[in-house]
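Asks: pasting the sequence and the predicted model now:
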Amino acid sequence: MGEALAISRTQVLRLAEEAEVPWDVASKMIDRICDVANQFASVAGQLYPGAITSDTLRTVQGRIDQNVALLRR
């Protein structure tokens with residue numbers, strides 16, 4: 001997997017620093033985004049009942065979970 005597909009929390013925080021976003025602000029923002037991302041399958045299932053297959057929701061949520069895990073480190 002290329003580096004662009006496996007971005008770590010440290011790398012995102014470095015980018016935030018370059019953009020003059022304080023570390024604590026960027027860190028809290030990452031955490032909030034991860035919290036929302038963890039709810040994707042549940043929210044999508046509620047908003048579009050039956051329109052998205054369970055397999056698709058599991059697949060998408062699984063990929064989101066992998067990315068969130070990288071950002072939580």
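Replies: Happy to help now that I have it.
Asks: quick one, helices of the protein?
Replies: 9-18, 23-37, 40-47, 54-72 (DSSP state H).
Asks: quick one, what contacts Cys34?
Replies: Neighbour list for Cys34: 68, 71-72 [criterion: C-beta atoms under 8 Å, 6 or more residues apart in numbering]. No exception for glycine: its C-beta is placed from N, CA and C like everyone else's.
Asks: and of those, the nearest to Ala26?
Replies: Leu71 (11.0 Å; C-beta to C-beta).
Asks: got a pLDDT number for the closest one?
Replies: In the predicted model, Leu71 carries a pLDDT score of 95.
Asks: same thing with Glu3?
Replies: 59.
Asks: got it, and the one 3 residues further on?
Replies: At Ala6 the predicted local distance difference test score is 85.
Asks: same deal with the one 5 residues further on?
Replies: In this model, Gln11 is scored at 96, pLDDT.
Asks: what about it, how many residues nearby?
Replies: 14 (other C-beta atoms under 10 Å).
Asks: where's it relative to Ile30, distance?
Replies: Distance of Gln11 to Ile30, given as C-beta to C-beta, to the nearest Å: 11 Å.
Asks: same check on Trp23?
Replies: For Trp23 relative to Ile30 (C-beta to C-beta), the value is 11 Å.
Asks: tell me, what's touching the two both at once?
Replies: Joint contacts of Trp23 and Ile30 (C-beta under 8 Å, 6+ apart) are Leu13.
Asks: tell me the phi and psi of the residue located most distally from the centre of the chain?
Replies: Residue farthest from the centre of the chain, counting by C-alpha atoms, centre = their mean, is Gly50 at 24.1 Å. When read as degrees, to the nearest 10, the backbone of Gly50 gives phi 80, psi -10.
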